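A.B. asks: Build me a model:
(one chain, ligands or ions: 2)
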Amino acid sequence: MRRAMERLTRGVARASERAMRGANGGTREPVSAVRAGAVTAVVTGTAASAIVAGGASAVACAGESESKNARAATEEKSDGGKGIGKGETKTPTVVFVLGGPGAGKGTQCANIVRDFAFVHLSAGDLLRAHMKSGSPEGNMVAEMIKQGQIVPSEVTVNLLLDAMRASGEDRFLIDGFPRNKENRDAWENTAGFDCDFVLFFDCPEDVMTTRLLGRNEGRSDDNIETIKKRFVTFRESSLPVINYYEKLNKVCTVNSDQSPEDVYAQTKGFFSKFA
Ligand SMILES: Nc1ncnc2c1ncn2[C@@H]1O[C@H](COP(=O)(O)OP(=O)(O)OP(=O)(O)O)[C@@H](O)[C@H]1O
Ligand SMILES: Nc1ccn([C@@H]2O[C@H](COP(=O)(O)O)[C@@H](O)[C@H]2O)c(=O)n1
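C.D. replies: Numbering: from 1, shown residues only. Ligands and ions are numbered 1, 2, ... in the order given. Reported below is the predicted structural model:
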């Protein structure tokens, strides 16, 4: 684990340099990854799954209650981890947790942590803590969050790696990451291992809007103006990432337009192999 983390840290500087050359806060993702007709569906409030290409795979994943790819990854890991990463004998288990703003990612991660041996790392929480530093970089992060924009990957990946290292653990729910292609590239170029699977909470925008406006945690981005911007960022930059993993049959989709209990009943099925 330690060697994997040291390698991650070395690699992140190189990847960040590459990513930062073209970084613009999350608008570089090709919208072509999203099916054309579906964009309208999202604008009108249809659940995001309507625009994720390869939806059949997601249904298959949900129907199985355990991702085929997650199982395959576990089988590889139980074989000493050979073939994962670059000569590492042990790699962390990572589940990326994605979904629109207010879809319920944090709420469900808390449930998973209670019942399974995972560390929850929220990219948004790490960035919010970082912005309180008052440093120039912290101020930049504060402004980008207020505008609903995606912070350059160098910042986020470093915060995640530091937190992973500090935990001393080897199973992580990484919530709200990767949020765009730049995030994903930075991860791929540095980690040397991919996620086991992506847990995608799918929820209509009108439902998410109501939840965010009722959250009442004093967040600078839980206001209607920023919420609209966050939805645009999600559609344009984050859904293509889900599309990408969908094509790899790695997405486990949960309909999060249900009570928290019902959402969790569906969610925990994907973690049975970790019990
Ligand atoms: N299934 C649900 N039904 C109703 N309310 C919910 C549900 N899940 C979460 N909430 C509430 O909605 C709000 C947003 O939930 P949460 O913070 O978990 O979402 P999130 O996806 O992590 O959001 P963000 O991406 O903005 O951090 C919270 O106030 C939470 O209590
Ligand atoms: N990978 C990420 C994750 C988050 N952000 C910024 O933080 C904001 C809040 O994120 P939540 O997951 O807590 O909703 C988000 O809108 C982004 O501004 C980011 O840049 N990169």
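A.B. asks: Flag the shaky bits of the stretch 51-200 of the chain, pLDDT-wise.
C.D. replies: For the stretch 51-200 of the chain, applying pLDDT under 70 flags the ranges 51-90, 192.
A.B. asks: in what helix or strand does the residue in it positioned nearest to ligand 2 lie?
C.D. replies: Going by Cβ to the nearest ligand atom, ligand 2 is nearest to G124 of the stretch 51-200 of the chain, at 2.1 Å. Heads up, the C-betas are built off the backbone N, CA and C, glycines and all. Under the criterion of DSSP states H and E, G124 resides in helix 123-131.
A.B. asks: list the contacts for the closest residue to V94 other than its chain neighbours?
C.D. replies: Distance criterion Cβ to Cβ, 6 or more residues apart in numbering; nearest residue to V94, sequence neighbours excluded, is C195 at 4.6 Å. Residues in contact with C195 (Cβ atoms under 8 Å, 6 or more residues apart in numbering) are 94-96, 174, 245, 250.
A.B. asks: Can you mark which positions in stretch 169-176 are buried?
C.D. replies: By 16 or more other Cβ atoms under 10 Å, the buried positions in stretch 169-176 come out as 170-176.
A.B. asks: As a check, name the ranges of all strands in the stretch 101-250 of the chain.
C.D. replies: Listed in chain order, the strands of the stretch 101-250 of the chain (DSSP state E, counting those that start in this stretch) span 119-122, 171-175, 197-202.
A.B. asks: Can you lay out those as a markdown table showing distance to ligand 2?
C.D. replies: Compiled in a markdown table, the strands of the stretch 101-250 of the chain are given as follows (distance: least, Cβ to the nearest ligand atom, whole Å):
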| stretch | distance to ligand 2 |
| --- | --- |
| strand 119-122 | 6 |
| strand 171-175 | 7 |
| strand 197-202 | 11 |
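A.B. asks: among these, which is nearest D262?
C.D. replies: strand 197-202 (12.4 Å; Cβ to Cβ).
A.B. asks: residue boundaries of the helices in the stretch 101-250 of the chain?
C.D. replies: Along the stretch 101-250 of the chain, counting by DSSP state H, counting those that start in this stretch, helices occupy 105-115, 123-131, 136-146, 153-167, 181-191, 205-213, 224-233, 239-247.
A.B. asks: and those helices as TSV, adding mean neighbour count?
C.D. replies: TSV is the format used below for the helices of the stretch 101-250 of the chain (neighbours: other Cβ atoms under 10 Å):
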stretch	mean neighbour count
helix 105-115	17
helix 123-131	19
helix 136-146	16
helix 153-167	20
helix 181-191	23
helix 205-213	18
helix 224-233	17
helix 239-247	22
